[in-house]
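> next come a sequence and a model predicted from it.
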Amino acid sequence: MVVPVALNAGRQVHVPVSSVRMKIPSRLVMLTTMNGYLRSLTLTSAILLVACGTQRSVVVEPAANSSSRVVAPSARSAPGGTYKVMKGDTLYSIAFRNGVDFRDLAGWNHIDSPYTIWPGQELQLAPANGRPAAAAAMHTAAVVTTAKPVASAGHVVSSTQDTQQGGQPAATVAADVASAAAPAAAASTAAPAHSATTPAAATTPVVPVAGAPAATASNTPPPAPPVPAAPGATRSNGGVTWRWPADGTLIKRFQSGDAIPGIEIGGKTGDPVRAAADGVVVYSGNGLVGYGELVIVKHNDSYLSAYGHNSKRLVKEGQRVTAGQQIAEMGSTGASRDELQFQIRKDGNPVDPMGYLPSR
């Protein structure tokens, strides 16, 4: 506290800087009379004024943007790194969706060939002691499920109920997908499964999930008879002989940073989409958002090819196809124009198809 003191007009008081650090005795400010002490009081007051004026304030500056900083959650974060199987999924489509190799996914979950899975099953997307695998930022579309679904075709989640004694679901035997690496004997003799032409009636009612799209003819296509391969240039790479999957113009090249990495080939609705190489269909559906009507073909243990945005799928899961065989009709499902979205995956990772397709 500073005590105001009247000084004579024009009077100057000189205070040495060193006196600022002096300790002022408290008795100097406890005066009982003003007579005889005016000079001392004047000097004391001046010292107090100088001392108070030279004290430095401590300014605490808040950290920059400390009150407005927002910590963004990790993109691709998934509780536990797991995926819950839904009707229509296959091990291959789940691996494709999450950008991992199907063999790794099977190994992490102790699933043996022919990779049977069922709705409601929870799959680990990474090894138990590892970090989650990179996801492709895609989600599962609404689907239709049943009360007690059963795996069919060895690896495809089916809604047809086939029971044994005791009410246990039985899985039907499918074509050996692992044999896709061997070339087909002849396109004219490779016939699709006959059971698909006379579908068995489901013994359990189909209950649509809220928001699920109504089933259409394109969602449950009849198997297409083998079509002779159209003539075209080929190129061998990775133990696979490749050819172009469509005749249209290349309208978009491969970019590794894209959410849906691949090339796009233009055309019009109904144009033929052909298998780029011999293989087995491991997925035929529309459960991957952003791809529309999608077909995935396995060529060997390392390579898959994918064909998206089709207007109609002409093949079923488990069906063997030959290079150049029509497997779909071009369209714009999941896209803003008629096009084929074509991908090649090696060990689960997207690669540039232009490094595999022949020049044209």
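Noted; the coordinates are in hand.

> shaky segments in this protein?
Scanning the chain for pLDDT under 70 picks out the ranges 1-80, 130-231.

> care to break it down by domain?
With domains defined by the TED database, the chain comprises 81-125, 234-355.

> straight-line length of the first one, end to end?
Just to be clear, that refers to domain 81-125. 5 Å (CA to CA, to the nearest Å).

> pull the CA atoms of stretch 104-113 into CSV?
Taking C-alpha atoms only, stretch 104-113 is exported to CSV below (Å, rounded to 0.1, in the frame of the first residue of the first chain):
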residue,chain,number,x,y,z
ASP,A,104,-4.0,-64.2,-43.6
LEU,A,105,-7.6,-63.6,-42.7
ALA,A,106,-8.2,-67.4,-42.7
GLY,A,107,-5.1,-68.0,-40.6
TRP,A,108,-5.9,-65.4,-38.0
ASN,A,109,-9.3,-67.0,-37.5
HIS,A,110,-8.3,-70.6,-37.8
ILE,A,111,-10.5,-71.2,-40.8
ASP,A,112,-9.5,-74.0,-43.1
SER,A,113,-10.3,-74.5,-46.8
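
> was I right to think residue 325 contacts residue 274?
Yes. Using CB atoms under 8 Å, residue 325 is in contact with residue 274, at 6.1 Å. Glycine gets a C-beta too; all of them are placed from N, C-alpha and C.

> bridged to residue 240, which residues?
residue 237 (DSSP bridges).

> tell me how many other residues crowd it.
23 (other CB atoms under 10 Å).

> how much space between it and residue 123?
28 Å (CB to CB, to the nearest Å).

> what do you get for residue 330?
Using CB to CB, residue 330 is found at 32 Å from residue 123.

> who's more crowded, the two?
Neighbour count, other CB under 10 Å: between residue 330 and residue 123, residue 330 has more, with 25 against 20.

> show the backbone phi and psi for the more buried one.
phi -60, psi 150 (degrees, to the nearest 10).

> isn't it up against residue 273?
Yes. Contact criterion CB under 8 Å: residue 330 and residue 273 qualify, at 5.5 Å.

> pull up the overlap in contacts between those two.
246, 310, 340 (CB atoms under 8 Å, 6 or more residues apart in numbering).

> just the buried ones out of these, please.
The neighbour-count criterion (16 or more other CB atoms under 10 Å) marks 246, 310, 340 among these as buried.

> got the CA positions of the biggest strand by length in the chain in CSV?
Criterion DSSP state E: the longest strand present in the chain is strand 303-313. Extracted in CSV, the C-alpha atoms of strand 303-313 (Å, rounded to 0.1, in the frame of the first residue of the first chain):
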residue,chain,number,x,y,z
TYR,A,303,-4.1,-62.8,-57.6
LEU,A,304,-7.8,-61.7,-57.6
SER,A,305,-9.6,-59.4,-60.0
ALA,A,306,-12.7,-57.4,-59.4
TYR,A,307,-15.3,-56.0,-61.7
GLY,A,308,-17.6,-53.3,-60.3
HIS,A,309,-20.6,-51.0,-61.3
ASN,A,310,-22.2,-53.7,-63.4
SER,A,311,-25.9,-53.5,-64.3
LYS,A,312,-26.2,-57.3,-64.1
ARG,A,313,-24.1,-60.2,-62.9
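
> following that strand, which helix or strand comes up?
Downstream of strand 303-313, the first helix or strand assigned by DSSP states H and E is strand 320-321.

> pairing partners for that next one, with directions?
Sheet pairing here is set by DSSP bridges, and for strand 320-321 it gives strand 279-285 (antiparallel).

> what angle sits between the strand it pairs with and strand 303-313?
For strand 279-285 against strand 303-313, the angle by axes from the mean of the first three to the mean of the last three CA atoms, to 10 degrees is 50 degrees.

> show me what contacts residue 353?
By CB under 8 Å, 6+ apart, residue 353 lies in contact with 254, 262-263, 342-344.

> mind checking which of those residues are in strands?
Using DSSP E, the contacts of residue 353 in strands are 263, 342-344.

> ok, these vs residue 280, which is closest?
Of all the ones in strands among the contacts of residue 353, the one with the least separation from residue 280 (CB to CB) is residue 344, at 15.8 Å.

> wait, doesn't the closest one sit right on residue 307?
No. Counting by CB under 8 Å, residue 307 is not a contact partner of residue 344; they are 10.8 Å apart.

> could you pull up the residues touching residue 339?
Residue 339 neighbours (CB under 8 Å, 6+ apart): 248, 251, 264-267, 309, 330, 332.

> send the alpha carbons of stretch 327-345 over as CSV?
Extracted C-alpha coordinates of stretch 327-345, given in CSV (Å, rounded to 0.1, in the frame of the first residue of the first chain):
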residue,chain,number,x,y,z
ILE,A,327,-19.4,-62.5,-66.5
ALA,A,328,-21.5,-59.3,-66.3
GLU,A,329,-23.1,-56.5,-68.2
MET,A,330,-21.7,-53.0,-67.8
GLY,A,331,-23.7,-50.4,-65.9
SER,A,332,-23.6,-47.6,-63.4
THR,A,333,-24.6,-49.1,-60.1
GLY,A,334,-22.6,-47.3,-57.4
ALA,A,335,-21.3,-44.8,-60.0
SER,A,336,-22.5,-41.7,-61.8
ARG,A,337,-21.9,-43.0,-65.3
ASP,A,338,-21.7,-46.3,-67.3
GLU,A,339,-18.3,-47.8,-66.7
LEU,A,340,-16.4,-50.8,-65.5
GLN,A,341,-14.4,-50.4,-62.3
PHE,A,342,-11.6,-53.0,-62.7
GLN,A,343,-9.1,-54.0,-60.0
ILE,A,344,-6.3,-56.5,-59.7
ARG,A,345,-5.2,-57.5,-56.1
